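Engineer: Quick one, structure for this:
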Amino acid sequence: MEESFARGNSYIHNLDPRAKVLIATIFSIMLAIATRHIVLWSGLFLSIAIVFQARLKFAMVFKRLKVVNIMNVFLWFFLPLTFPGHSLLQLGPFHFTSEGCEMAYMITLRSNAILLFCIALLSSSSLVSIAHVFSSMKISNKLVYILFFTVRYITVIECQYEQLRKAMRLRCFKLRANVHSYRSLGYLIGMLVVRSYARAKRVYQAMLCRGFKGKFYAIDRFSWTTGDTIFLCTCFCLIIGLGIAQWTRILI
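Structural biologist: This next block holds a predicted model:
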């Protein structure tokens, strides 16, 4: 929500958000259905190249990658045990299959490539501009408004949460594995829901007083440039190349 990657002046930052969303969507679909190692590795290298072009801080990029790779660690442990196939290693009653390792390996490549690509393209634009892109693409207004209000009020709800936590600590609350702690956490969540509902009601009434008629209007207009066309065509050709590499294997 801090949008730390959106602040920059690289070639990627200056691209039209519509081109970014379009390419990120096509690339993600391509990598999601890819099964050939050369395609997945090529997609990963392409994502890394886009990250370099965007001149993002690598420490922050790796911090975001850590979230998805923690899940990948669990996949590397559970998939070889549960995925049927030829036994690669046996430790007592446990059998690690080569097919399970193969699946975990492909998921790791695929998830890192897609996440890096989306970080470089989508995170280099503000969430508000991305929401306006969704609106211009005729995506459901309800989904767009949910994104708008989430961006605007998530920090407000966080402040409410911190206030409630401080109040609990001032009353010497300590989280333990007992009924009192669970009941207190339930009250905390309930108060957040109540305060969120009350805030949403006040915001809606304020919007009606200001003439809101169910539509947000963008102040900044998107401008498509020659650089956007070049980027879109280049990335589209590269993605087609990945598709041909995958499709050629199917023919063989």
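Engineer: Run a quick check on residue 141 versus residue 214, I expect a contact.
Structural biologist: Yes: at 7.4 Å, residue 141 counts as touching residue 214 under the criterion of CB atoms under 8 Å. Bear in mind the C-beta positions are built from the backbone N, C-alpha and C, glycine included.
Engineer: which of the two has more neighbours?
Structural biologist: The neighbour count for residue 141 versus residue 214, taken as other CB atoms under 10 Å, is higher for residue 141 (14 against 7).
Engineer: Could you check how far that one is from residue 231?
Structural biologist: With distances taken as CB to CB, to the nearest Å, residue 141 is found 29 Å from residue 231.
Engineer: Please point out which parts of the strand or helix carrying residue 168 sit buried.
Structural biologist: Assigned by DSSP states H and E, residue 168 falls within helix 141-170. Within helix 141-170, the residues that count as buried by 16 or more other CB atoms under 10 Å are 144, 147-148, 151, 160, 164, 168.
Engineer: What's the mean pLDDT across the helix or strand just after that helix?
Structural biologist: Note on helix 141-170: by DSSP H and E, the next helix or strand toward the C-terminus is helix 179-209. On average, the pLDDT along helix 179-209 is 88.
Engineer: again, but for stretch 223-232
Structural biologist: The average pLDDT within stretch 223-232 is 85.
Engineer: what distance separates it from the centre of its chain?
Structural biologist: Averaged C-alpha coordinates place stretch 223-232 at 24 Å from its chain's average position (CA atoms, centre = their mean, to the nearest Å).
Engineer: Mind listing residues that contact that stretch?
Structural biologist: Applying CB atoms under 8 Å, 6 or more residues apart in numbering, the external contacts of stretch 223-232 come out as 11, 14-16, 18-19, 22-23.
Engineer: Those in helices, which ones?
Structural biologist: Counted as lying in helices by DSSP state H, out of the contacts of stretch 223-232, are 18-19, 22-23.
Engineer: just the buried members of these?
Structural biologist: Among the ones in helices among the contacts of stretch 223-232, those classed as buried by 16+ other CB under 10 Å are 18-19, 22-23.
Engineer: Need the max-distance pair from the residues you listed.
Structural biologist: Between any two of these, the greatest separation by CB to CB is 9.7 Å, found for 18 and 23.
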